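S.K.: Build me a model from this:
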Amino acid sequence: MKTFRKKTSIFLILPGLLLAIVSCSRSPQSMITEITLSDNWFLAPDSLLKADGKSITQSDFSSAAWVHAKVPSTVLGALADAGVYNDLYFGKNLEVVPRKQFSQPWWYRKEFEITDSTAFPVNRLRFEGINYYANIWINGRLAAAADTIKGAFRTFDIDISPFVHQGKNILAVQVLPPKPGDYYMGFVDWTPRPPDENMGLFRPVILRRSGEVSINNISIQSKVNTQTLAEAFLTVEAEVVNHSTGKVTTIVSGEINGTAFQKKVSLKAGERQKVLFTADKYKALHIKNPKLWWPYQYGDPALYTASFGCFSGKKQTDFRQVTFGIRQVEDFLNEYGNRAYKINGKYIQIRGGGWADDLLLREDTAKLEAQVRYTRLMNLNTIRLEGFWGSSHALYDLCDRYGILLMAGWSCQWEWEPYVGGKPCDEFGAVKSPEDIALVSRMMHDQVTMFRNHPSIFVWVHGSDKLPRPELEKRYFDDL
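M.R.: Numbers count the residues shown, from 1 in each chain. Take a look at the predicted model:
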């Protein structure tokens, strides 16, 4: 990890935080609109199989010889959890793991149930982290191919409605490993390289169910009256999608702090539309005497819960609920020419250290909480992630709760040839071609969209040892 000073390129979410969604009441149906597919996966290498995705996703296919796994997991992480490899961090055990087996594709297979298909006709699979390429099969059909499903820090939302049916369904994901020069997570020179290069479904796979209109990508920004701290102004943005083949009218309804707000939206067939709620038009977003989110030792890290829903008549078609905090971030150059920060108008002395995940990207919630608590016990208030770490939102949630600031963004992994698979680097790193610029900027977009609602994140880091290429930096700002 190299020194981070004013040279480093950054992007701030100045106002503040995340956002919330919801209808005034929460129906029983809304409780099952999001299902995380975490248990009862099976894992096998391509070389073990004499079958393709079509055969693997048939009901008469047997995965009895496969390794039982959970998701999220890397391939080696799943093998270690299953006892195929033991004590990998002891002695030279990591060195003897055969690397060649990870140069081929590996399959993840999962059976899942679809119920209430009349109430929830729209079914989507959200992949929050695939390293690196994937072919996705459902019930004998290819739903998405590796020419588009690629990039470790991309997120993918795939409409699988045409491929699923009431009852048991079978999903198989063929994960292909990253190649030298691909852009994926890395431990730079802090640890040995994991033999599988962390290939796998390293973040959650989520089944999202809704009616004809869904609500997605919710965001909130907060502006605090920093003179009095007695009021805050929220701006809420969400994306609504019409999944039907006809025009629809929906009511997008939100609720924060017990106060509701709503807007009628008309959507053409297949249309995506951003919906904006601002404090000058919706009194519910003008918060009086807000409980502010503060970093450790500066105040309490207060959190709120908010909800959004979509309604067609009296029928709720989708529901989302988010925990967020109200805080305002400002940055400036101090008298020494270094970048400094204010939270809610108060200067914050940044005291922190670097962070990297477990080598196999395995999360232990109790261990994570202990590490965050240790951060406070050391009188630190900040963690520099040196990447977009985390196999879930767990670390981010803990930092929200404990008031620990997070610096999230790229490390120097893609800035030096030895770390990025020998890809030539210049003064801006390895990201040069239009194709690479498009991919990396989209990965930044997806990470910010996924994590922006965490009040603990106060800065997005675009580089570590080097500045981003000007064309890439422009794309970051255009895309965000």
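
S.K.: So L368 lies in a strand, does it not?
M.R.: No - residue state for L368 (DSSP: H, G, I helix; E, B strand; the rest coil) corresponds to helix; a strand is not indicated.

S.K.: For it, which residues are in contact?
M.R.: Counting by C-beta atoms under 8 Å, 6 or more residues apart in numbering, L368 touches A394, L395, L398. C-beta here means a position set from N, CA and C on the backbone, and glycine is covered the same way.

S.K.: quick one: which of those sit in helices?
M.R.: Counting by DSSP state H, the part of these found in helices is A394, L395, L398.

S.K.: Neighbours of the last one, how many?
M.R.: The one in question is L398. Neighbours of L398 under the rule other C-beta atoms under 10 Å: 19.

S.K.: distance of Q227 from N344?
M.R.: 11 Å (C-beta to C-beta, to the nearest Å).

S.K.: Give the residue from the two that has the larger number of neighbours.
M.R.: Taking neighbours as other C-beta under 10 Å, Q227 and N344 compare with N344 leading, 24 against 8.

S.K.: State the phi and psi torsions of the more buried one.
M.R.: Note on N344: its backbone torsions stand at phi 50, psi 40 [degrees, to the nearest 10].

S.K.: Now do the contacts for it.
M.R.: V224, T226, L229, L292, W294, R327, Q328.

S.K.: So the last one sits against S222, correct?
M.R.: In this case it means Q328. Yes - using C-beta atoms under 8 Å, Q328 makes contact with S222 at a distance of 6.1 Å.

S.K.: of those two, who's got more company?
M.R.: Neighbour count, other C-beta under 10 Å: between Q328 and S222, S222 has more, with 30 against 23.

S.K.: before we move on, back to that, would TSV of the contacts of L368 with pLDDT be doable?
M.R.: Formatted as TSV, these follow (pLDDT from 0 to 100):
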residue	pLDDT
A394	97
L395	98
L398	98
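
S.K.: Who is L276 paired with across the strands?
M.R.: Counting by DSSP bridges, L276 is bridged to E237.

S.K.: Show the pLDDT at it.
M.R.: Per-residue confidence (pLDDT) for L276: 98.

S.K.: so how far is Q104 from A146?
M.R.: 14 Å.

S.K.: Looking at those two, which one has more neighbours?
M.R.: More crowded of A146 and Q104, by other C-beta under 10 Å: A146, with 16 against 13.

S.K.: There's contact between the more buried one and L176 in this structure, I believe.
M.R.: Yes - with contact defined as C-beta under 8 Å, A146 and L176 form a contacting pair (5.9 Å).

S.K.: Find residues that contact each of those two.
M.R.: Common contacts of A146 and L176 (C-beta under 8 Å, 6+ apart): Y133, A134, N135.

S.K.: Which of those residues fall in strands?
M.R.: Under the assignment DSSP state E, those contribute Y133, A134, N135 to strands.

S.K.: Can I get those residues in JSON lines including neighbour count?
M.R.: Below are those laid out as JSON lines (neighbours: other C-beta atoms under 10 Å):
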{"residue": "Y133", "neighbour count": "22"}
{"residue": "A134", "neighbour count": "23"}
{"residue": "N135", "neighbour count": "20"}
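
S.K.: Which residue of this structure lies farthest from its centroid?
M.R.: The centre of the chain is farthest from one residue, E335, which by C-alpha atoms, centre = their mean lies 36.3 Å away.
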